[in-house]
Structure formats: C-alpha cells, structure tokens
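Engineer: sequence first, then the predicted structure, then my questions.
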Amino acid sequence: MAKVAREMVERAGIDVDKLLELLIKNAAAELTTYYYYTILRANLIGLEGETIKEIAEIARIEDRNHFEALVPRIYELGGKLPNDMKEFHDMSACPPARLPEKLNAKEILKVLVEAERCAVRGYTQICNMTAGKDHRTYDLALAILNEEIEHESWFSEFLGEGPSGHFMRRGETSPFVSKFLK
C-alpha cells in the first residue's frame, strides 16, 4: 500500500473505504463484463451479428484493460480483491450482461448498451467523488469513463437511437486508459 497516497486522499476529505468499495465493485463489473461479452460476441452471428462483432470485441478487450488499470489503484489505497471469484462476481457494480432469451443481434445490442450505461453511471460517480481531491483516481476513472461513453455511443447507434459523433477506432485499444497499463 502507498501509505502517503491513502493519507493524502483522506486529508482531501474523501471516505477512502467508500471509494475503495466503489473501485472494487467497478473492477468486478469490468472483469465480469469481459467474461459475459465473450459469450455475447460469440453469439453475434449472421449478417447483423457480424457487423457488430468487431465493436463488441473492442469493448470486451477494453473492459479487461479497465480491470487491469483499476487493480493497482485499489491496492495503493489499501484495498484488496476478494479471494473468492464468485464473491467478486456477485459484488459487481452492474448486473451481469447475460445472453438474452431471444438470440438475435438487436437483443444482444440491448444487453451491451445497458452494460455500458451502468458503467458510465459508475465512473461518473467516482469522478464526482474524487474531482479536485484525488487526482490519480480521478484521472483513472475519467479515462475509463471516456472509453465507456464511446462504447455506449457505438451500441446505441446500432440500435437506431441517433448519431453519436463517435467513430470506431482502428488498431488501438484503450487510448485513454493505456497510460495506466504501462
């Protein structure tokens, strides 16, 4: 644990235990979403599914990257991940992104967009809590939030909810979060 890091966050007026709870729950959401997106992506078949598969894959890989970026900050602040994977899954900040009963691209897209909307809410909460007080956590949460907003935008466009102004990225994954993975 980085004792001074935790001390500075506490001195700034943040309830570090509450912040750690949010970080751990969001880390659980990222790892479980990575798992569920693997299943969702595998079921994106046919002409409609193939058009979405690449975007779902980018979101899947970036969710894994979000998990990897969150873990060091959790430990820096004196937190830790649960030893039990089922416990970790069940504490997720977002509900499981399970396969819908009707297996078609539109229903899978609905699951994907709702998972992203939950993530946007979670990281917005962390940003609001840490803005101007915990610069490192804020920077990390903001980087993840930027990517989650892009994911939501991509999926909502496919659902016909209107243009987002976002374009699919080519080649690079996690452009905002990558600096935390080095």
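Structural biologist: Everything's here; your move.

Engineer: quick check: chain neighbours aside, which residue is closest to Asn146?
Structural biologist: Of all residues beyond its chain neighbours, the one nearest Asn146 is Phe176 (4.4 Å), with distances taken as C-beta to C-beta, 6 or more residues apart in numbering. (C-beta placed from N, C-alpha, C; glycine too.)

Engineer: could you point out the longest helix in the protein?
Structural biologist: The residue-count maximum for a helix in the chain (DSSP state H) belongs to helix 46-76.

Engineer: any idea of the mean pLDDT in it?
Structural biologist: Model confidence over helix 46-76, given as mean pLDDT, is 95.

Engineer: excluding its backbone neighbours, what's nearest Leu145?
Structural biologist: In space, Leu145 is closest to Tyr123, 3.9 Å off (C-beta to C-beta, 6+ apart).

Engineer: distance check, the closest residue to Ala93 other than its chain neighbours against Phe67.
Structural biologist: Counting by C-beta to C-beta, 6+ apart, the nearest residue to Ala93 once its immediate chain neighbours are dropped is Lys25, at 3.9 Å. Relative to Phe67, Lys25 is positioned 12 Å away (criterion: C-beta to C-beta, to the nearest Å).

Engineer: which one of the two has more residues nearby?
Structural biologist: When neighbours are counted by other C-beta atoms under 10 Å, Lys25 and Phe67 differ, and Phe67 comes out ahead with 20 against 16.
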